[in-house]
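Visitor: Give me a model of this one.
(2 chains)
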Amino acid sequence: MPGPTIDLTIYENEETLLAGLRRRDPDACACLIKRFAPLVYAQALRLLGDADEAEGVLQQTFIKACEKLDTYEGRSGLGSWLYRIATNEALMHLRQHSPRIDLDDVAETIQADEMPQRLKPWTLDPAAAALNSELRAMLEQALAALPETLRVVFVLRDIQGLSTEETAAALGLGESAVKVRLHRARLRLRELLAAYMQEH
Amino acid sequence: MTCEELIAHLSSYIDHEMDAALVAEVQEHIAHCRNCRVVLDTTQRLIVLVHDEGRRIIPASQRSALFERLQQAFLNRPQTQSQSDQHSSEDSAV
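Guide: Coordinates of the predicted model:
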């Protein structure tokens, strides 16, 4: 079945879109989903590392958004608002479905096998190169390979751009634990991406 | 400062969370150590790379069904308390 077809320009701005949503206008609903579902899904997937779980969080996010729509004041922008709900939903999901934690994954020092091994410069300059689909796939694969304890901190700090303090509060961790986990995640990701980055 | 010490403090240096005295030690070390210079440079590149990581597109095969479900959930959402109150006050006004 084809997805809902809709002209995304029907709503001039977020205010008119929001008014449509509050009237339960089906077009407004389709517009909201089309515009923001990819953003929400991407964030959920990065945090959870699993497509099915990310889809569940995506649905949960929009359902939560429905419930809160009438109290949403529109100060932060719909995208940021949904992004925040998605992050909270994903973190709640992680807490509820916490897998067996490997002690190495929560170690608060660098592990011996995390010391850098690949010591060639990277030829690709990320600041100049647009993130192509191959590189994006490599990055997502490397992120998914990180243990959850490190991945979540990395996503919130280096991708989402939260501060150490905000990340610590979101995860219920101390700030020093956030710093060490972020550092370990960076070292591991650097190692995982090095082979590709040295050749491109 | 040894290579191990530098690696242990690399993120503090990158994130500008390091004392000035230690910063000077790091800079002195990387001026002479090619390997640590590479690790610093590539870690910084990694951070730039992911910073504005773009939106991932949901696979087309999943999209239609997912949008359909989301839309149904959205349209069938229950009335909130404030809406109910509003309706009842409108009713009473009539």
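Visitor: right, is the helix or strand hosting residue B:6 up against chain A?
Guide: Element membership of residue B:6, judged by DSSP states H and E, is helix B:3-8. Yes. Helix B:3-8 reaches chain A (Cβ under 8 Å from any Cβ of the partner chain) through B:4, B:7, B:8. From N, CA and C alone the C-beta is placed, and that goes for glycine too.
Visitor: State the distance from the first one to residue B:35.
Guide: Going back to what we said before, that points to residue B:4. Counting by Cβ to Cβ, to the nearest Å, the separation of residue B:4 from residue B:35 is 12 Å.
Visitor: got it, and residue A:59?
Guide: Residue A:59 is 47 Å from residue B:35, by Cβ to Cβ.
Visitor: try residue A:171
Guide: As for residue A:171, its distance to residue B:35 is 33 Å (criterion: Cβ to Cβ).
Visitor: What of residue A:108?
Guide: Applying Cβ to Cβ to residue A:108 and residue B:35 gives a distance of 25 Å.
Visitor: Show me which of these two is the more surrounded one.
Guide: Between residue A:108 and residue B:35, counting by other Cβ atoms under 10 Å in any protein chain shown, residue B:35 is the more crowded of the two (14 against 11).
Visitor: Please report phi then psi for the closest residue to that one other than its chain neighbours.
Guide: Closest residue to residue B:35 apart from its sequence neighbours, by Cβ to Cβ, 6 or more residues apart in numbering or on different chains: residue A:119 at 4.7 Å. For residue A:119, the backbone dihedrals (degrees, to the nearest 10) come out as phi -120, psi 20.
Visitor: Neighbours of residue A:119, how many?
Guide: Count around residue A:119 with other Cβ under 10 Å applied: 14.
Visitor: just the helices in the chain please.
Guide: Assuming you mean chain A. Under the criterion DSSP state H, chain A contains helices at A:14-22, A:26-48, A:51-68, A:78-96, A:133-145, A:148-154, A:164-171, A:175-199.
Visitor: Can you look at chain B instead?
Guide: Secondary structure of chain B (DSSP H): helices at B:3-8, B:10-14, B:20-32, B:34-51, B:60-75, B:81-93.
Visitor: what pLDDT, on average, does the fourth one get?
Guide: Spelled out, it's helix B:34-51. Computed over helix B:34-51, the mean pLDDT rounds to 91.
Visitor: swap in the first one?
Guide: The average pLDDT for helix B:3-8 rounds to 94.
Visitor: Can I get that helix in PDB, CA atoms only?
Guide: Extracted C-alpha coordinates of helix B:3-8, given in PDB (Å, rounded to 0.1, in the frame of the first residue of the first chain):
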ATOM      1  CA  CYS B   3      52.300   8.200  25.300                       C
ATOM      2  CA  GLU B   4      50.000   6.200  27.700                       C
ATOM      3  CA  GLU B   5      49.400   9.200  29.800                       C
ATOM      4  CA  LEU B   6      48.700  11.300  26.800                       C
ATOM      5  CA  ILE B   7      46.200   8.800  25.400                       C
ATOM      6  CA  ALA B   8      44.500   8.600  28.800                       C
END
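Visitor: Buried residues, it. List them.
Guide: Neighbour-count burial for helix B:3-8 flags B:6, B:7, B:8 (criterion: 16 or more other Cβ atoms under 10 Å in any protein chain shown).
Visitor: May I have the phi/psi pair for residue A:12?
Guide: Backbone torsions of residue A:12, given as degrees, to the nearest 10, read phi -60, psi -40.
Visitor: Against chain B, how distant is it?
Guide: 21 Å (Cβ to the nearest Cβ, to the nearest Å).
Visitor: neighbours of that residue, just the number please.
Guide: By other Cβ under 10 Å, the residues close to residue A:12 number 8.
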